[in-house]
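*Asks:* quick one, structure for this:
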Amino acid sequence: MNCISLELKKLPHTMAVTHADLEPSRSKTDLSSKTGAFLMVLTILLGLLCFILCLIAEATRSEVTWISSDEKGKEDKSECVYNSSGKVPLLCAASAFFGLAIAMVMEHTYMMIAVSKSSPALLDWDPYSASIKSLTWQAGFFFITTWICFAVGEILLLAGLSVESGHLKNWSKPRTDCYIIREGLFSSAGVFALTSVFLAAGLYLTALRAQRILEDLAHVRREILEASVLYASPPRSPQRHITSVDRENPTTRENSHNENLLSVFPTPFNKSYNFV
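*Replies:* Okay, here's the model as predicted:
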């Protein structure tokens, strides 16, 4: 008994196979994969970073001070002076501009690749289904509003960049014309940037929900097809074949579970005893 117990302890322990192990692994281009979730979180973080950069640019934007010069025999002449060179708001606005562009292009490119590489069964949906219609309208709404907010935010940032880059040199020198950004422009750009990334997240979740619904429908169709094929085919009768024994008449046997029993318990016509 001790030897048996020692041998049992030496046997390798095997893990039980679960249903999750039998399921096919998700590819990286699948919407429900870890790559898709990571890119979605990264897009939101980039949007938050762009919003913070826009707030910094708003707080450090250039302002103008007007100075009137009184000279004898000449008309009063007003001149303006910038309070800073505008490098900080320019750098923040440029970073927000490129960061938002990278986030949007990255997320939408991934979703387009994931949808294009989907199974043909998932792309074949019923256009008259109420749930599919609702998801289609939601996806269209998120797609259009995402790009509108993105375009408005980028235009505002471009306007801020063009103004702040106009006085990088000789900013402390008095001038007759000074261009400044209106209060709240960078803040508005940050709000549109943040809104665009959240709308992109809504578009991703809508596409993911549609994919799961179509996967469930495809699974139900496959089960129905397998069941119909199973019940449509008639049951097969056991095949019979004739075996001959020396000096005896041929006997008929069936390819069933009784074959093993007949081999163990010989019939009166079978003189060869086969014990298993």
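
*Asks:* can you pull the contacts of residue 111?
*Replies:* Counting by Cβ atoms under 8 Å, 6 or more residues apart in numbering, residue 111 touches 31, 203-204, 207. To be clear about C-beta, it is placed using only N, CA and C from the backbone, and glycine gets the same treatment.

*Asks:* again, but for residue 178
*Replies:* Residue 178 makes contact with 64, 80-82, 167, according to Cβ under 8 Å, 6+ apart.

*Asks:* change it to 10 Å
*Replies:* Contact analysis of residue 178 by Cβ atoms under 10 Å, 6 or more residues apart in numbering lists 62-66, 79-82, 166-167, 171.

*Asks:* do the same with residue 143
*Replies:* For residue 143, the contacting residues are 108, 111, 199-200, 202-203, 206-207, by Cβ under 10 Å, 6+ apart.

*Asks:* at 7 Å instead, please
*Replies:* Applying Cβ atoms under 7 Å, 6 or more residues apart in numbering to residue 143 gives the contacts residue 203.

*Asks:* in the helix or strand hosting it, what's buried?
*Replies:* Using DSSP states H and E, residue 143 falls within helix 130-164. Buried residues in helix 130-164, defined by neighbour count with 16 or more other Cβ atoms under 10 Å: 132, 135, 138-139, 142-143, 145-146, 149-150, 152-154, 156-157, 159-161, 163-164.

*Asks:* just checking, which of the contacts of residue 111 belong to helices?
*Replies:* Residues of these located in helices (DSSP state H): 203-204, 207.

*Asks:* tell me the least confident of the contacts of residue 111?
*Replies:* pLDDT across the contacts of residue 111 is at its lowest for residue 31, which sits at 72.

*Asks:* and for the residue nearest to residue 167 when sequence neighbours are not counted, the neighbour number?
*Replies:* Using Cβ to Cβ, 6 or more residues apart in numbering and skipping residues adjacent in sequence, the residue nearest residue 167 is residue 82, 5.2 Å away. The number of residues packed near residue 82 is 22, by other Cβ atoms under 10 Å.

*Asks:* now do residue 93
*Replies:* With other Cβ under 10 Å as criterion, residue 93 counts 33.

*Asks:* and if you look at residue 64?
*Replies:* Neighbour count for residue 64, taken as other Cβ under 10 Å: 13.

*Asks:* give the bridge partners for it, please.
*Replies:* Counting by DSSP bridges, residue 64 forms beta bridges with residue 82.

*Asks:* for it, report the pLDDT, please.
*Replies:* We have a pLDDT of 84 for residue 64.

*Asks:* wait, it sits on residue 80?
*Replies:* Yes - here residue 64 reaches residue 80: they are 4.7 Å apart, a contact under Cβ atoms under 7 Å.

*Asks:* follow-up on the earlier one: tabulate the contacts of residue 111 (TSV), appending distance to residue 37 and neighbour count.
*Replies:* What follows is the contacts of residue 111, written out as TSV (distance: Cβ to Cβ, whole Å; neighbours: other Cβ atoms under 10 Å):
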residue	distance to residue 37	neighbour count
31	9	22
203	14	23
204	9	22
207	13	21
